[in-house]
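K.L.:
The sequence and its predicted three-dimensional model are supplied below.
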Amino acid sequence: LVERQSRYGKTFYACNAYPKCKFAVNHQPVSGCCQKCGYGLLLKRQMAAGEKLQCALKKCGHFQQA
């Protein structure tokens, strides 16, 4: 995954073959496994309660401590 800029100046992360490859996320990716489903990519999210990691799989969306 590489960091890219949208045409509006927002940062997002996508595979290096973007836009042919359709995988893109808006939050910083972190390597690791989801505790609930075992998916191999987590997203670093800044929440009101502090920093948390969210599963990158849309169907799961599980939050865990950083």
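P.N.:
Sure thing, it's come through. Numbers count the residues shown, from 1 in each chain.
K.L.:
who's in contact with the residue nearest the centre of the chain?
P.N.:
Geometric centre of the chain, nearest residue: L43, 3.5 Å, by CA atoms, centre = their mean. For L43, the contact set (CB atoms under 8 Å, 6 or more residues apart in numbering) comprises 25, 27-30, 53-56. In this view, the C-beta of every residue, glycine as well, is placed from N, C-alpha and C.
K.L.:
so where is this structure shaky, pLDDT-wise?
P.N.:
For the chain, applying pLDDT under 70 flags no range at all.
K.L.:
Please, where are all the strands along this protein?
P.N.:
2-5, 11-14, 24-25, 29-31, 41-47, 50-55, 63-65 (DSSP state E).
K.L.:
For burial, what's the neighbour tally of the nearest residue to the residue nearest to the centre of the chain once chain neighbours are set aside?
P.N.:
Spatial nearest neighbour of L43, chain neighbours left out: H27 (4.2 Å); criterion: CB to CB, 6 or more residues apart in numbering. Taking other CB atoms under 10 Å as the criterion, the count of residues near H27 is 16.
K.L.:
Pull up the gap between H27 and C37, please.
P.N.:
Remark: distance between H27 and C37 (CB to CB, to the nearest Å) = 18 Å.
K.L.:
Ramachandran angles for G40?
P.N.:
G40 adopts backbone torsions of phi -90, psi 20, taken as degrees, to the nearest 10.
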